[in-house]
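Undergrad: requesting a structural model of the entry that follows:
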Amino acid sequence: MTNDTTNSAAGSAADLAIGEWVLDPAASSVGFRHKSLWGLVTIKGTFTKVSGEGKVDAPGHGRGTLVIDAASVDTKKKRLDTHLRSADFFEVEKHPTFTFAADGITVDGDGNAQVSGVLTVHGKSHPLTFTTQVTAASTTDVTLTGEVDIDYKNYAMTWKNPGGTMRGLTTVTLKTRFTRA
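TA: Predicted coordinates:
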């Protein structure tokens, strides 16, 4: 592994230094998109406040936590943001954060990281497994990017709109940059 960041991070990612890592919130993002209104409109947004930590406990293996401030939702539509924060959806007064606790992160030789853990949203926990790509890695930082589809019904968000506009899966996009602690 070199000190230089590499765009084809596969070789060096599996050899990330054992130890503690911290999420760099300024270089990380969590977004979402959801088809709504009978699939005619796509709602898009981001969460502006994220934090997290990780630990590489063996070459190519790690674990960690990502915490999202639910109230930091930003769709660029104030009224929609207020509705998403309400009891119809996130209920931020009772459940201020979403937490993903990764109990297994395994990097392969092709620059992919298999991630498994438990996602807790709205007070409900559900197992989640997905693949990310190691898009940059060095001795001081690593960036993982990917997408995962979430079924909001697993998390007791079952808003009953007379028009039936909430259907299907929500796609969450992740770009997480971790630096050595």
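Undergrad: from the rest of the structure, what touches stretch 114-127?
TA: Stretch 114-127 has contacts (C-beta atoms under 8 Å, 6 or more residues apart in numbering) with 63, 89-91, 94-95, 98-106, 108, 128-132, 144, 146, 150, 154-157. The way it works is simple: take the backbone N, C-alpha and C, and place the C-beta from them, glycine included.
Undergrad: next, the buried residues of it.
TA: Val115, Gly117, Leu119, Thr120, Val121, His122 (16 or more other C-beta atoms under 10 Å).
Undergrad: distance of the last one from Phe90?
TA: Think His122. Noted for His122: a distance of 6 Å to Phe90, by C-beta to C-beta, to the nearest Å.
Undergrad: equivalent analysis for the third one, please.
TA: Leu119 sits 14 Å away from Phe90, going by C-beta to C-beta.
Undergrad: shared neighbours, these two?
TA: When C-beta under 8 Å, 6+ apart defines a contact, no residue borders Leu119 and Phe90 alike.
Undergrad: coming back round to it: with secondary structure and distance to Gly54 added, can I get the buried residues of stretch 114-127 in TSV?
TA: Compiled in TSV, those are given as follows (DSSP: H, G, I helix; E, B strand; the rest coil; distance: C-beta to C-beta, whole Å):
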residue	secondary structure	distance to Gly54
Val115	strand	11
Gly117	strand	11
Leu119	strand	16
Thr120	strand	17
Val121	strand	20
His122	coil	24
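Undergrad: hang on, isn't His61 packed against Asp108?
TA: No: using C-beta atoms under 8 Å, His61 makes no contact with Asp108, being 11.2 Å away.
Undergrad: okay, and the beta partners of Val121?
TA: Under DSSP bridges, the beta-bridge partners of Val121 are Lys124.
Undergrad: can you read off the pLDDT for it?
TA: pLDDT for Val121: 93.
Undergrad: that older thread, pick out the most distant pair among the buried residues of stretch 114-127.
TA: Within these, Val115 and His122 form the most distant pair, 21.1 Å apart (C-beta to C-beta).
Undergrad: lowest-scoring secondary structure element of the chain by mean pLDDT?
TA: helix 10-13 (a mean of 52; mean pLDDT, DSSP states H and E).
Undergrad: next SSE after that helix?
TA: strand 19-23 (DSSP states H and E).
Undergrad: and Ile105, what element?
TA: Taking DSSP H and E as the definition, Ile105 sits inside strand 97-107.
Undergrad: relative to Phe32, which of the buried residues of stretch 114-127 is nearest.
TA: Checking the buried residues of stretch 114-127 against Phe32 by C-beta to C-beta gives Val121 as the nearest, at 11.4 Å.
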